[in-house]
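K.L.:
For reference, the sequence and a predicted model appear below.
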Amino acid sequence: MHELSIALNIVDIASTEARKAGATRVTDLDIEVGSLSGVIVEALEFAMEVAVRDTILSEARVAIHPVKAQARCRQCEAVFEVRDYFEECPKCESLDLQVTRGQELKVRSLKVE
């Protein structure tokens, strides 16, 4: 389960940024996870519960926000939601697509005290 290593990295990033701001604790942590990121949201939620224990984030409200993937067709410029990398354009049936959203895995915001 690579979600645990991801959760530990998120905690490390958030802890570092909180300390830079002179904070003693993190109250809220918002994370964005794209549907094409390869991360299972439920597994990350569980991993975050473990990863925050005994850290500056131990009492933080952790919210994980799924981001649906979107692509743009390079042939006809149509923009549409995709479920995987191997879909065709619903308008012109081209496979020449550029994924524009849904690959992200990032800390969106952090509230500290």
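P.N.:
Perfect, I can see it now.
K.L.:
In contact with residue 104, which residues?
P.N.:
Residue 104 makes contacts with 32-34, 37, 67, as judged by CB atoms under 8 Å, 6 or more residues apart in numbering. To be clear about C-beta, it is placed using only N, CA and C from the backbone, and glycine gets the same treatment.
K.L.:
For it, which non-adjacent residue is spatially closest?
P.N.:
residue 34 (4.4 Å; CB to CB, 6 or more residues apart in numbering).
K.L.:
next one: residue 43
P.N.:
Using CB to CB, 6+ apart, the closest residue to residue 43 is residue 3 (4.1 Å).
K.L.:
re earlier: can you check what pLDDT the model gives the residue nearest to residue 104?
P.N.:
In this model, residue 34 is scored at 97, pLDDT.
K.L.:
By neighbour count, which of the contacts of residue 104 wins?
P.N.:
Taking other CB atoms under 10 Å to define a neighbour, the member of those with the most is residue 33, carrying 23 neighbours.
K.L.:
correct me, but it touches residue 43?
P.N.:
No: here residue 33 lies out of contact with residue 43, judged by CB atoms under 8 Å, at a distance of 10.5 Å.
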